[in-house]
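1. Here is my input; please provide its structure:
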Amino acid sequence: MKDNTKVFAEYPVPKAVMTMALPSMLGMLINIIYNLADTFFVGQTGDSNQVAAVSVSMPVFLFALSIGNLFGVGGCAFISRSLGEGRTDRVKQISSFCVYASIICGIVLGALFFAFRRPILYLVGASDYTIDYACDYLMWIALGSPFVVVSIMACNIIRGEGSAKDSMLGMVIGQLVNIVLDPIFILSKGDMLFGFKLPFGLSMGVAGAAVATILGNIVSVLYFLIYFLKGKSMLSITPGRFTLKNGIPGGVISVGLPAALNNLLMSISNILINIVLSGYGDVPVAAMGIAMKANMLVVMLQLGLAQGMQPIVGYCFGARNYERMKKVMRFSALCNVLIGSVMTAFYVLFKQNVIELFIENDEVIEIGVKMLVALMSAGPLIGIMFVLNFSFQGMGMGKQSLLLSAGRQGLVYIPLLFILNRLVGLEGVIWAQPCADFMCIIMAFLMWTVIKRKLKNENK
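-> Predicted coordinates:
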């Protein structure tokens, strides 16, 4: 059995953080491409209704991702903390619980999606023009939901025992399979792609995008299954290890819930801002979509670094090595400030060029530049909040993590969106997210100050 915990306990802090964070950050970059692939290839059909069907189905698809994160992020934090405490037997129980709870929830979720896909899709905004396409897409997603949930879960719990490279490889391999299969399943033989005629194609349209997504997730699950069966992991997928006792479900769910809610609130907030912006016409909606895509690169890199360092914090917290834990947090925060500052400076200097990469409409470019500058205003500091939030998860402090996650995407942001819209108009809508970011950064600092005092008193 391979001991991956040396990275948590023995590596110098910079090396430990980079060993865990770089694979996570690379995975996030591939994830950005993966998220854009379905829409891009469906767009090559020239049918706007099919493109809209993918967008409409996305909030529903996020439910499956949320369940995966519920058990994955919660399991990852609980596993690393238990390793720090030296409780390897509990690690096996945690991993077995996460695996089988994910399978059960994935099956139940898929059955609900399959049985009620039409009313669900109408509820999230499908029209009579897009409903049939969206139903075709969601049917395949429903059938493959267990694989989606399990792949997300496994990617996270493997990272919890220090195998960042295997975690990243399993996820990236599945995403690359999806990207490669997209044009084969979506397009038709003879269709033009990047200036070339496709020699083959299954002509499935939007349904093909869903099939490619599920096949990619199946490949990821197979990779992770092989990882477990090699016998080198401290984790267990043995059914006999599954238990609802010893505080296992509560330990996983208390930390995983904020991550799950974050996905759902992100979907809801995107829907709401589009509704609010649509009152000002189609141009602001298009401009915000472009600005958010550009901003996503910075956010994903910072999230990747914070996600990567989380198991180190969890291990050190479990081992009561608070000094090393704080050094890991400081170094990670410094790296995120550096990433955010460099990317913010680049975007501000080349703001017009960045927006022009996506569109040539002068009106969209003009307002898109304002939106990009506003979103990036929090860039240098928001990474600190991500580090603190993932650190709270690593320490098992689900309430603090929940408050920050819910605040940035919901409890703080959504009220600000409507208040600033009423008070300032469009400018208020543009600055709602940055204002929410700054408020959550302050909240994170205050929480960490209180926690530091408690840890200091424990060491006396």
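
2. mind listing the helices in the stretch 201-350 of the chain by residue range?
-> Using DSSP state H, counting those that start in this stretch, the helices of the stretch 201-350 of the chain run over residues 206-229, 248-278, 282-318, 322-349.

3. Now find how far off-centre the shortest one is within its chain.
-> Just to be clear, that refers to helix 206-229. Per CA atoms, centre = their mean, to the nearest Å, the displacement of helix 206-229 from the mean C-alpha position of its chain is 17 Å.

4. Stretch 353-371 too?
-> 26 Å.

5. Pick out the shakiest of the helices of the stretch 201-350 of the chain, pLDDT-wise.
-> Mean pLDDT values for the helices of the stretch 201-350 of the chain show the minimum at helix 248-278, a mean of 80.

6. Give me the helices and strands touching that helix, please.
-> With contacts taken as 3 or more CB pairs under 8 Å, 6 or more residues apart in numbering; DSSP states H and E, helix 248-278 sits against helix 48-84, helix 88-115, helix 282-318, helix 379-394, helix 398-406, helix 413-424, helix 426-458. Where C-beta positions appear, they are placed from N, C-alpha and C, glycine not excepted.

7. could I get the helices of the stretch 201-350 of the chain as CSV with mean neighbour count and distance to Ser96?
-> Listed next are the helices of the stretch 201-350 of the chain as CSV, based on neighbours: other CB atoms under 10 Å; distance: least, CB to CB, whole Å:
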stretch, mean neighbour count, distance to Ser96
helix 206-229, 22, 10
helix 248-278, 20, 9
helix 282-318, 23, 19
helix 322-349, 18, 27
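
8. looking at those, which is closest to Phe78?
-> Minimum separation from Phe78 across the helices of the stretch 201-350 of the chain (CB to CB) falls at helix 248-278, 4.7 Å.

9. now the angle between helix 426-458 and that closest one, please.
-> Orientation of helix 248-278 against helix 426-458 (axes from the mean of the first three to the mean of the last three CA atoms, to 10 degrees) gives an angle of 160 degrees.

10. Okay, angle between helix 248-278 and helix 413-424 too, please.
-> Using the same axes, to 10 degrees: helix 248-278 against helix 413-424 is 20 degrees.

11. Now the residue nearest to the spatial centre of the chain: closest residue in space, sequence neighbours ignored.
-> Residue closest to the average C-alpha location in the chain (CA atoms, centre = their mean): Asn263, at 6.9 Å. Leaving aside its chain neighbours, Asn263 sits nearest to Ser66 (4.3 Å; criterion: CB to CB, 6 or more residues apart in numbering).

12. In CSV, list the helices and strands packed on helix 248-278 along with distance to Leu187.
-> Shown next, in CSV, are those (distance: least, CB to CB, whole Å):
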stretch, distance to Leu187
helix 48-84, 11
helix 88-115, 26
helix 282-318, 23
helix 379-394, 37
helix 398-406, 38
helix 413-424, 38
helix 426-458, 36
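
13. and of those helices, who's closest to Thr130?
-> Judging the helices and strands packed on helix 248-278 by CB to CB, what sits closest to Thr130 is helix 48-84, at 4.6 Å.

14. What are the buried residues along that closest one?
-> In terms of neighbour count (16 or more other CB atoms under 10 Å), helix 48-84 has its buried residues at 49-84.

15. Could you tell me how far it lies from the centre of the chain?
-> Distance of helix 48-84 from its chain centroid, counting by CA atoms, centre = their mean, is 7 Å.

16. got the angle between that helix and helix 282-318?
-> 10 degrees.
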